[in-house]
Structures are given as structure tokens and as C-alpha cells.
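In: curious how this folds, go ahead:
(2 chains)
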Amino acid sequence: MSDTLALPSVDTAIKLGLNQEEFEKIKNILGRDPNFTELSIFSVMWSEHCSYKNSIKWLKTLPRDGKKLLVGAGEENAGLVDLGDGLACAFKIESHNHPSALEPYQGAATGVGGIHRDIFTMGARPIAALNSLRFGALSRKHTRKLVDGVVRGIGDYGNCLGVPTVGGECYFDESYNQNILVNAMSAGIVKIGQTASAIALGVGNPVLIVGSATGKDGIHGATFASADLTEDSADDLPAVQVGDPFQEKLLLEATLEAIKTGKLIGVQDMGAAGITCSTSEMSAKGKVGMEIHLDLVPTRQAHMEAFEILLSESQERMLMVIEKGSESLFFDIFDKWDLECAQIGTVTDTGRLEFFQNGKIVADVPAWDLVLGGGAPVYDRPTKVPEYLKKLDQFAAQHISHPNHLKPIFLGLIRSPNIASKKWIFEQYDSTVRTNSVNTLHKSDSAVIRIKSSDKALCLTTDCNSAYVYLDPYTGTQIAVAEAARNIVCSGGTPVAITNCLNFGNPYNPEVYWQFTQAIQGMGDACRFFDTPVTGGNVSFYNQTILDDQTIPIYPTPTIGMMGILDHPDQLITLDFKNASDIILMLGDAPHAFSYSEYLRIFHKIRYAPVPRFELEAEKKLHDIIHLLNQNQLLQSAHDISEGGSLTSIMESAIAADLGFQIASPEGSRSDLFFFNEDQGRAIISVKTEDLDSVLKHIEELDVSYIKLGQVTNGQITVNNENFGNINEWKIPYNQYLKEIMHQEN
Amino acid sequence: MKFGVVVFPGSNCDDDIIHVLGSVLNRPVTKLWHKSASLQGLGPADCIIIPGGFSYGDYLRAGAIAQFSPIMKSVQRFAAEGGIVFGICNGFQILCEAGLLPGVLLRNKNQRFISKNIYLKTQNYATPLTKLIQPDQVLRMPIAHADGRYYADSATLKRLKDQNQILFQYCDASGQVTDQTNINGSCEHIAGICNREQNVFGMMPHPERASEARLGSTDGMYLFQSLLASTLASADRAISC
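Out: Residues are numbered from 1 along each chain as shown, chains lettered A, B, ... in the order given. Predicted coordinates for the structure are as follows:
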């Protein structure tokens, strides 16, 4: 074993993000002291980002089986769900939080690039992208700079690649002031039987590296993603990768062509930990080894060290194992697309990864011991109920003052960051390329993407109200799953499966770990209830910022990305009202006690209140009645009730249609409670006058609570006899708020 | 009559236009790979489409590199012989860079990518691309571009107007062309033009994304049906003489 550097000490291991115990474990595995290159390999593979060492024990408690799942969670680069008609959908969500906090444009762009590679590595062509974003207070200039960079990054990458960005969510809260969240989701379609696997098999088979040349960008990115963000983090800028969507487009086409040859054994994209991760995971999965010659890797600059080549997170690269003798097929395909393609090694039967440079071995490590499910450490961390929850005891609903007029309050709500339209953001994303977006003119609660060779369509959504999760991680995460399912049901679809992106603070903080374990249990229970198993996802810990010696964890944010199926075009439901004089109904129970809401937060300055009322059974009843009414073609529109409460939902349905409404809250109810509380399990529907009797018959059949609120008008808005003016007065504040604030100078 | 769709590295609307021509309209359509000079038998009665996307990543300038691909020499010859060439979005940018259409497409006035449905007013109803559009009919279809601000010097703009080369202008739902409707800041609100001979067409909006009822609008069909009617007519002419 030779290495030009002296053998590293435990101090070096700690600097690389490992602890003393892990350093000892590495020495045991190797039977000797590791050299620096080997230690670097372990440090990235055993980082939280690659090994899930602090989360896997809990992740395994999630429901991960279902009759429609074609691969188990974590088995491949993404989940794979049977759509029928010989087709499958590969989908996954992933975080790119820390890079985006430092370099928002490249951080967000490479997040998008990475998640699409996970999908086309499976052989699926990505047909839709979504995202889930969290930023700090919009009043801060720094936040607006981050929003601008992230939106440009997502847009420029996805627009150039030609995958439509069709949905997403974006919230603002000061807990994300320094540590923003950028979660990117991709969904693709593949014919069953034409998928590719991330596996290495067959001793003597060639190992190819394809795509871009390898540079010095993103070295130790995975380790970087597994540490707290501090003021010194800006020094880690070389750990942020640089994206090239044009290269990705070429790589996408070339990879799909390569898979079609039938001579490809396995393929994995190079994301976190670069060549190290792809060689070790593919080898461990196939129970083989690899001999890799680093001097054969095409590089962007001369004299790169072995560890730099091994850990580089240069984007738009893939590792492929192919059948021996078929090399020229692959060289031709990559030549056609003007991409690098080099054989860098072969599959061996040693189970070890042997890396050579200039004829000398520079690292020799067993693949199995590096990976999740193999020798990577598994920890369970101590938990503690957070102190802040005691503040909920001080919540006194009886002291919430009742406003005399709703209109000024509601105008303030509509013009608030979490409720106002995100048009300024999504109009910078190409949402119509690939000609599958059904919601081009009429929006639904989820993004509906038709599948060209079938009557079916995908319904896709990302959801998480992290304020709810903060106040009650168990129920808050159940609500995130339920809201995602509700969005799909309100689009006419049936929820099928989820992917998750678990954004939390430092797992060594027992309060944070308590949030994490509670959230996982809530997610598991909700997913079992709705029969929407977890197909995979991503954990992002260490989302907190240390500033002035004070640690500020983010709101715990377990983002749910859900996929559903719309069986037939006739079943599509859109959220816009359709005709004046249609009847407006609220399905679900009327609120009877104040709980956390944007209304309480904005107007009563209350941040600590109970999580909104939520029951799984009531939620299911809501889904059933919407499904039944839709089957009978009785719905003109449906829109779920979430942030802002029922009046916000009604206004959104009206603005989307350029129509007004005349409504009243039930006799004896408190109007601000009724219109602004955020009780779950509810939706606003509109139906034709002549259909009302049949609608009510079905509602009573299923024993669902409902309230008849009023009717759609040509434009005039009246709420409890209060004149709200014309719909045109509301469109501007709702649609323009974000644009105005993003364009302000200070 | 057949269609050829040129595929550059970075083209990303090629599948969309092939879907509309091949699957929706059931017309023969073939991909033309940029590295080959072959038009695969397409003749003057046929039509070549330059699709949208980001050819060569739009590096240097949108459409600037694609003009040097081997296929473009053949496209130039095809156009000179009277064949119909239709560039959409990035295709429009490429045709301008290649000199087949006058003017250039600059960065949008707001310096951002804009993706939304817009309305189009037709200025010339007598071309092979627009002949089936009804007078005063307002078309609705998506735009999705960062570099769509049409610019030409005043002499060129005058010539375009004098020779009826302006095909489409950005307008509102009622067909009014105002400063507010000029979504990207184009000279004369221009969304699409043709050459003097009326066989080379370019437009920024995407008619192929508005060609199926399931996607919300079929207004794009008027353009493709017009092309088909024109190519049919020219094929008939070719047969009769």
C-alpha cells in the first residue's frame, strides 16, 4: 500500500466529518490504518447524505410495500410504480439545501439536474418536475436575493433540459432565514421491462464513465451537506457544484439510447460522492468488486489528486457497466452525442474497490463496508420533547379579538407571502414543453400530466405545512400526507404512492431528533391509512444556522411528494368556478375552535397554537364523497381548504375563473373562525343548481358534513352581506404581491 | 407531402412537433439529424420544421451555433428552391441567425424567462401558414422563452410592414395590440414573421403546444392545417403540370 502522504490521524478523520468510534471501525475493517484517500472515501460514504446512518432505523418503519410498487424503497435510484398498460412511473424528491443557501443559482440548478438523472438512470424519460421551497422573511434583501437565484437556477436548468416544471410550493418563515430549503422532484415514464438497474455484475465486464469530464468542483459536497451551516460555510464554496443543463440533455438522450441496446448491465448517476459512491454502491449491490484506473478518467485539468477524482461531484456524469465486447456500441452512441465515454476499469470478483493511479494502487477498500445496508454505521439518537412546546399552554383562544369587518383582514391575508399567488415564480418555468400538461388553462389542486400512449394521467403534488409540523410533528406530518392525497383527489385522481424529503435540524440535538421520530411515525401511520407506500426519498439533516452563538433549527419540514393516477380524461377536476349561479358548498365540518392559522400568525401575532383539527377517518370520508360526486359528473370545481382557510380557497376558485361569489357563514358561527381557521379534511366545491338535489343525496348517503355557502356570481363579491367589491379588485393584490416585493429596492 | 424535423443537440420540442404532425394529424414525419446534410428525400412540396429548445445550450447566443451544423446548408438550399421552412421558438432564433429571416431575437425586456399563454393577432392571412385563420380571430397559445424580443432596424421593420411579412403580433383576448400586451418588448409587438417569398416562417409562440383539446387549446391547429392545405395545393400543382 503506497501513498505519498503520511497516514492520517484521528484528527484528520474528525476534520472529514467522522468521529473517533468510526475511525476505529475503519481500521478494523481494513486491518490497518487507512491512507488519506481511503479515509476520504469512508468519510463521504459514511456521511449522513450517503449512509442515512442517523435515520435508516426509523425509515425502515415506514410502509414500503404495495402491490403497485415494482422496486422496493431505496433499492434503486428512484421508486417505480406500475401504472398499468405496461407502463411504470419512476419518481423521487431530493434536497439541495446547503449548496443553495451558499450559491442559490447553481445550488438549485444542480439539485434539479441531480434528481432528473436519478430518473433517467432507471431508463425512464423525465416528463415532469416539481419543487418545494422554503425561504426566510421576504422583508430581508438577502432572502429576495436567494429567491431570485433559486428561481433562476431551477428555471434555467429545467427549461433548457426540456422537462416542464409543473408544480410546487413555496413558504416563507424566519426559521429559514439563513438555511433555505430547495427540494426538487422528478417523475418519468418507462415501459415495464425496459428499466435499468444500478448494479455491477459479470467479472471482466467493462466499467465506463460517460458524460462530462471530471473537475475539482463539489469535492466533499456530501460531507458538507452533513454539517451545520456556519459563517465559515462561505469558505466551502468549492463544495458547490456547477451545472450544465445542455450536457444533461445530451446525457439524457445518450443514456436512454444506451439502455435500449440491451447490452447495458447497470448504470448509476454520479451525484453525491461522485465516482466513490457509484462504484461502491453498484459493486455492493452485485456483490462484486471493481478495478478502477483513475488516470483513465477524463479530467478538466491536469494533475488532479486521486482523492479529488474520487470525490469530485462534477455534474452530468454516469457510471455504466456493460457487456464485454459491446464497447463500440456505446462509444458510438456517446460520440454521436458529443460526450466523453471512457473505459476506466473492469468488474472483479474480489468484492473490493481497487483504485489505481499511474500504475500504483492508491486505495483498496471493501465495497460492502462502505454502503448503507452493508458496513455503514447505524445509529439511533436520544430524543427529548422540545421545550418550546410548553408555549402552547399559553394559547388562550378566548382572547382573540373579533374584527368588525372581514374585508380589510382578508385583503391582508391575500397579500401575504404564504397565501399570495406564486405566479411570479412559476411563470419563469416552462410548464408546457413535452405537451402533456393538462392544466395549461385550468389549474387543478395537483399537476395533471397526461401519458400520451394511454388514457391515464399522472397527478403530482408536493406538500408540507411545516408550521403544523413544528407545533405537532406527528399530526403535522399526517396532515402533510393527507393534504397531498386531498390535492390528488380534488384533481380527480387516486393517490398511489409517495416520496419524501425529510428536512430537519441537527440529529445530535435530542429535540430535533424527537421531531424527526414523531414525524416519521405520523407519516407511516398516514401512509398506511391512505395505502400510499413510501417509494424512497432523501434525508437532509443539519438544517440550522449558527449565528452569534445561537443555534436556530429550521421548522421541521418532511416534504411529501405524492403521485396519483387519473384514470380517464373525463375524470379531471379543475379548481376554477365555471358558471355564475352555480352553488358553492363546503364539504367537511365547520371549525369550532381556533387553532394555528395564517390568520392568527399575521393578525394576532400568535405563533404557538394547537395544530388544526385533523382526523384520518374524516379526511377519508371527504375523499370518498369527492370521488363519488366526480364519478357521477356532478362537480363543476373542487379546491381543497388549506392555508388561509375556506375564504382563501373560495377566492382562489373565483380568481381563476374571473367570477365572483355571494356567500354567508352559518347562522351563529363566528365569521373569522369560520372563514380563516385551517381545519383539515375540507374542500370547496361548486355544482350546478339543477344538480344540487343529487349532490345532497350522495352527501347524505355517505354521511358527510357539508354547508351550503352561497353561489357563484358574475363578478360581484359579497361575504356575510359585507360588500367585497368586484373580483377585479382582488386579482391584482393576489397575483401581483410577490412580484412587487421581489422588485422592491430595499 | 412529408415533414422533416431538424434535431440539434439541445433541441427539446422535436418530440412535441412530431407528436402533433405524426400522431394527431397522421402525416409522415421524419427526424433530420443535424450532423447529416441529407434531407432524406424531402422535396419542394414538403416542409422542414426547426423545433424549439436550446440548441447547443444557447451558448454564445440563442441559435448562433446551430446555423453552422451541416444540415443547415441543405435547409438553405431547400428554402431557396421554394420548400416551406418553419421555425418555432429556438427554431425562429436559428432562422434569424442563419439569415433566412431578417432581424434577431434579444433577451426579453424583463430579463427573465416567460412561460404563459398569450394571445396572437394575425396580420397576414394570405400565407401558407395562416390561410385558414379567420379574419379577426384571436389565437391563444403558450410562449416559453427568455430570448423572444424581436428586434430589427427601422428600415427592415418598414420593409416587413410594406411587404406584409409580419404574421403575428402579441395582443389581448379581444385582439387589441397595446403596450401592455407586448409581453417581451418586441419591435412592433412582433411574435412571428415570414420572408419576402412567404416560404420561410418563424414565430416565438408554440402552436404545437396548443393543438389538442385535452391540453386546453387547439388554436395551433389552424397553422398546421394551413400548412397542410398549402402543401396539398402545391403537390396538386406539381402533379397537374
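In: can we go C-alpha only for contacts and neighbour counts from here?
Out: Fine.
In: give me the neighbour count for the residue in the stretch 151-300 of chain A that chain B sits nearest to.
Out: Residue nearest to chain B within the stretch 151-300 of chain A (Cα to the nearest Cα): A:F246, separated by 4.8 Å. Using other Cα atoms under 10 Å in any protein chain shown, A:F246 has 23 neighbouring residues.
In: how about A:E281?
Out: 24.
In: pretty sure it is in contact with A:G373, am I right?
Out: No. In this structure, A:E281 is not within contact of A:G373 by Cα atoms under 8 Å, at 10.2 Å.
In: which residues of chain B lie near chain A?
Out: Residues of chain B lying close to chain A (Cα under 8 Å from any Cα of the partner chain) are B:9-10, B:12-13, B:15-16, B:53-54, B:56-57, B:112-117, B:142, B:144, B:208-209, B:214-216.
In: that older thread, secondary structure element for the residue of the stretch 151-300 of chain A closest to chain B?
Out: Here A:F246 sits within helix A:245-260, counting by DSSP states H and E.
In: that helix: which residues count as buried?
Out: Neighbour-count burial for helix A:245-260, counted by 16 or more other Cα atoms under 10 Å in any protein chain shown, picks out A:245-256, A:258-259.
In: stretch A:621-641 too?
Out: Within stretch A:621-641, judged by 16+ other Cα under 10 Å, the buried ones are A:621-630, A:634-641.
In: now that stretch, how far from the chain's geometric center?
Out: How far stretch A:621-641 lies from its chain's middle: 27 Å, per Cα atoms, centre = their mean, to the nearest Å.
In: tell me the average confidence for that stretch?
Out: Averaging pLDDT along stretch A:621-641 yields 98.
In: now do the end-to-end distance for it.
Out: Across stretch A:621-641, the terminal residues are separated by 15 Å (Cα to Cα, to the nearest Å).
In: swap in stretch B:1-9?
Out: End to end - Cα to Cα - stretch B:1-9 spans 26 Å.
In: report the contact partners of the residue of the stretch 151-300 of chain A closest to chain B.
Out: Residues in contact with A:F246 (Cα atoms under 8 Å, 6 or more residues apart in numbering or on different chains) are A:C160, A:L161, B:G10, B:F54, B:Y56, B:G57.
In: same question for B:R196.
Out: So B:R196 contacts B:Q163, B:Q165 (Cα under 8 Å, 6+ apart).
In: other SSEs contacting the helix or strand where A:L411 lies?
Out: Assessed by DSSP H and E, A:L411 sits inside helix A:406-414. Packing partners of helix A:406-414 (3 or more Cα pairs under 8 Å, 6 or more residues apart in numbering or on different chains; DSSP states H and E): helix A:598-603, strand A:722-726, helix A:727-743.
In: how far is the shortest one from where the chain is centred?
Out: Going back to what we said before, that points to strand A:722-726. 39 Å.
In: get me the contact residues on chain A for chain B.
Out: A:155, A:160-162, A:245-246, A:249-250, A:337, A:426-442, A:569.
In: how does it look with 7 Å?
Out: Proximity of chain A to chain B, by Cα under 7 Å from any Cα of the partner chain, involves residues A:160, A:162, A:246, A:249-250, A:427-435, A:437-438, A:440-441.
In: one step back: among the residues of chain B next to chain A, which ones are in strands?
Out: Using DSSP state E, B:I114, B:S115, B:K116, B:N117, B:P142, B:A144 are the members of the residues of chain B next to chain A that sit in strands.
In: chain neighbours aside, what residue packs nearest to the fifth one?
Out: Beyond its immediate neighbours in the sequence, the residue positioned closest to B:P142 (Cα to Cα, 6 or more residues apart in numbering or on different chains) is B:N117, lying 4.0 Å away.
In: show me the contacts for that neighbour.
Out: Neighbouring residues of B:N117 by Cα atoms under 7 Å, 6 or more residues apart in numbering or on different chains: B:R140, B:M141, B:P142, B:I143.
In: narrow the residues you listed to those that are buried.
Out: Among the contacts of B:N117, the ones that count as buried by 16+ other Cα under 10 Å are B:R140, B:M141, B:P142, B:I143.
In: what residues are up against the first one?
Out: To tie it back to what came earlier, the one meant is B:R140. B:N117, B:I118, B:Y119, B:L120, B:D219.
In: got the contact list for the second one?
Out: The neighbours of B:I118, taking Cα under 7 Å, 6+ apart as the test, are B:R140, B:M141, B:P142, B:I143.
In: and for the fourth one?
Out: When contacts are counted by Cα under 7 Å, 6+ apart, B:L120 touches B:V138, B:L139, B:R140, B:F168, B:Q169, B:Y170, B:C171.
In: quick check: PyMOL command selecting the buried ones in those residues.
Out: Buried residues within the contacts of B:L120, by 16+ other Cα under 10 Å, are selected in PyMOL with:
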select buried, chain B and resi 138+139+140+168+169+170+171
